[in-house]
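Novice: Sequence and predicted structure below; questions after.
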Amino acid sequence: MLSDLGPLSREGGERLLAGVFTSARRHLRVITCVAPADLRDDRLTPTTRALGDVLHLLESPPLTPETTMEPDPLLVDLGKRLEAMGMSVELGYRGVIPLVAHYGGYCIALDTDQSLMSMPVREALRARPAALARSGWHYVRAYAMELFTTPDAVAEKIGVLVGLTSESTSNRDVD
């Protein structure tokens, strides 16, 4: 098999490969005449093997754990509020994002302080939001205290972001 994949096989190819996978907004279509197993041979360059590994994972994704954690009741409540506004909501999206909401062309990824606690600070505050934004998500961070004390305000904030409500209605004074 020809193992020269052009720029991917040269020095810096791993950066090119990472750029390809992280710059795709909605999906990435890979058309190839070789099987992923052919790209996983130990004699190939590390970048070529990495491409083979990624394609292998896409071809046969690992099984998700059978046991799922009980969703956070605060997120369940927020999800119901967002659904009442007309959004589609999913909790525990692929085991990675605590809550996702969809309306029109907007996809919201919501993290809570609780879900970010296990991550390093830099990843939680900078890298994760930036990576989700580059992938086409509109990122929202909500604190557990906000979700507990003012869940309507959090839902309104998301409603404004997707265009369901206007800022003037969400900023009205309450007497």
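Specialist: That came through, no problem.

Novice: Please name the residues that touch residue 140.
Specialist: Residue 140 makes contacts with 108-111, 157-158, 161, as judged by CB atoms under 8 Å, 6 or more residues apart in numbering. C-betas here are computed from N, CA, C, even on glycine.

Novice: sorry, that was for residue 79
Specialist: The contact partners of residue 79, by CB under 8 Å, 6+ apart, come to 89, 91, 99, 101.

Novice: returning to that earlier point: pick out whichever of the contacts of residue 140 sits closest to residue 150.
Specialist: Distances from these to residue 150 were compared by CB to CB; the smallest belongs to residue 157, at 9.7 Å.

Novice: and the longest helix anywhere in the chain, average pLDDT?
Specialist: Ranked by residue count and defined by DSSP state H, the top helix of the chain is helix 46-59. Mean pLDDT, helix 46-59: 79.

Novice: Using CSV, list the CA coordinates for whatever helix or strand comes next after that helix.
Specialist: Scanning forward in sequence from helix 46-59 by DSSP states H and E, the next helix or strand is helix 73-84. Output of helix 73-84 as CSV, limited to C-alpha atoms (Å, rounded to 0.1, in the frame of the first residue of the first chain):
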residue,chain,number,x,y,z
PRO,A,73,-32.9,18.0,38.7
LEU,A,74,-32.0,21.6,38.1
LEU,A,75,-31.3,20.8,34.5
VAL,A,76,-34.5,18.8,34.2
ASP,A,77,-36.4,21.8,35.3
LEU,A,78,-34.5,24.1,33.0
GLY,A,79,-35.1,21.7,30.1
LYS,A,80,-38.9,21.8,30.8
ARG,A,81,-38.9,25.6,30.7
LEU,A,82,-37.0,25.6,27.4
GLU,A,83,-39.3,23.0,25.9
ALA,A,84,-42.3,25.2,27.0
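
Novice: Tell me the buried residues in helix 73-84?
Specialist: 74-75, 78-79, 81-82 (16 or more other CB atoms under 10 Å).
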